[in-house]
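Pasted the sequence and its predicted model underneath.
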Amino acid sequence: MKITMIGLDIAKSVFQAHGTDANGKCLLKRKLGRSEVASFFGKLERCQVVLEACGTSHHWARVIRDAGHDVKLIPPDMVKPFVKRGKKNDAVDAAAICLAALHPDTRFVPIKNEEQQSLLSLHSTRTLLVKQQTMLVNALRALAAEFGLIVPLGNSRLPDLLAKIGTSPDLPDVMKQTVILLFEQYGKLSESIGCLERRIQAQARQDEDARRLLTIPGIGPMTASLIVASVTDIDTFESARHFAAWLGLVPRQHSSGGKVRLGRITKTGNREIRKLLVLGATSMSFRAQKWTSAAGAWLCKLLERRPTRLATVALANKLARIVWALLSRKEIYRPAGRNVAVI
């Protein structure tokens, strides 16, 4: 019998392979060391190999694909229902991957190339540094507040805080030295973040799809670049609503007995894209009156009837749908509404 599919459960050092024939019968169960993966699949006859989408899966997918196999990545949440209850181990996980891949409703994740992953590394590094910067600023303000020194919110007011600390005669020298150390660290983080942002903006100006997304109000270089790097193939999504659902910008459903109950948004999918879209929508809500287009008029009417946060999330959903339409139709955003990709 010929092996037609292999479910591969990947880890740091030890991988588990589960091979089946066309009827789903198990023909192979084998543990592979990290150094054995490439040679094992290089000798194996061509078949379909399925992996769970995770941090290292795109690398191994490229390695196995280069060996001549048809490789697919499957979301982990689609594998979980097929794992036998009470029998969680690598072999069971590999078998569950095969079962999940055969299900007709299973969706697969496109394999990212090295350029896309490199660009995503810029975004993930910037996100980490921004988080560290926020923690550092909070620590600075907390230390100063313990000695009765406060300034208004905003990073632009931090020099005022440093000036207050420097000119306060009653503060201990140890506290002043600690604050100076934190301010130096803040400056280094700001410089690193600025460098990353300039590289991301330069990439966005060079990429055709990113430039197309920059024509949408509320979407800047960071959002456009992250979407282009994260979405390998926009045709993977059947419609604009599927794309918005992938980003977690559609309401949860609690429906039963013919009664439709909608709750808060699902918040599934790519968290960073969703966050940037909501931030962009929030900025546009502050300028809704000056946004002279059909979308601007829609937003103004929505703000009259609904809370601001609900309106911004609704606008983020609309922006996601516009993104799908522009990428799939290869168009630019036209505010007038003619041939415009507004869903």
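Okay, I see it. Numbers count the residues shown, from 1 in each chain.

Find the nearest non-adjacent residue to the most centrally placed residue in the chain, please.
In the chain, the C-alpha nearest the mean C-alpha coordinate belongs to Asn270, at 3.1 Å (C-alpha atoms, centre = their mean). Nearest non-adjacent residue to Asn270, counting by C-beta to C-beta, 6 or more residues apart in numbering: Ser230, 5.6 Å away. (Each C-beta comes from the backbone N, C-alpha and C, glycine too.)

so that neighbour makes contact with Leu119?
No - contact between Ser230 and Leu119 fails when scored by C-beta atoms under 8 Å: they sit 9.2 Å apart.

So between these two, which is more surrounded?
Leu119 (21 against 17; other C-beta atoms under 10 Å).

Show me the helices in this protein, by range?
Assigned by DSSP state H, the chain shows helices spanning 37-43, 57-66, 76-79, 90-102, 114-145, 158-167, 173-206, 208-213, 221-230, 240-246, 271-286, 294-305, 308-329.

Report the inter-axis angle for the fifth one versus helix 271-286.
In this case it means helix 114-145. Interaxial angle, helix 114-145 versus helix 271-286 (axes from the mean of the first three to the mean of the last three C-alpha atoms, to 10 degrees): 60 degrees.

For Leu327, see how far away Arg107 is.
With the distance defined as C-beta to C-beta, to the nearest Å, Arg107 ends up 18 Å from Leu327.

Compare the two (neighbour count), which wins?
Comparing Arg107 with Leu327 by other C-beta under 10 Å, the one with more neighbours is Leu327, at 21 against 13.

what sits against the more buried one?
Asp209, Arg212, Leu213, Val231, Ile234 (C-beta atoms under 8 Å, 6 or more residues apart in numbering).

and which of those residues is nearest to Leu161?
Leu213 (37.5 Å; C-beta to C-beta).

Tell me how far the closest one lies from Gln48.
34 Å.

So for these two, which sits in the more crowded spot?
Shown here are Leu213 and Gln48; by other C-beta under 10 Å, Leu213 has more neighbours (24 against 16).

okay, now the nearest residue in space to that one that is not next to it in sequence: neighbour count?
In this structure, Leu213 finds its nearest non-sequential neighbour in Ala224, 3.9 Å apart by C-beta to C-beta, 6+ apart. A count of nearby residues for Ala224, using other C-beta under 10 Å, gives 26.

Please shift the residue numbers so they start at 20 in all later answers.
Taking 20 as the first residue, the last one we looked at is Ala243.

Verify the stated contact: Ala243 with Arg224.
No - with contacts counted by C-beta under 8 Å, Ala243 stays clear of Arg224, the gap being 9.7 Å.

overlap in contacts of these two?
Residues touching both Ala243 and Arg224 (C-beta under 8 Å, 6+ apart): Arg230.

which ones are touching the residue nearest to Leu232?
Ala223, Asp228, Ala229, Arg230, Leu232, Leu233.

rerun at 7 Å
Ala243 makes contact with Ala223, Ala229, Leu232, Leu233, according to C-beta atoms under 7 Å, 6 or more residues apart in numbering.

Equivalent analysis for Leu321, please.
Leu321 sits next to Ala330, Ala333 when contact means C-beta under 7 Å, 6+ apart.
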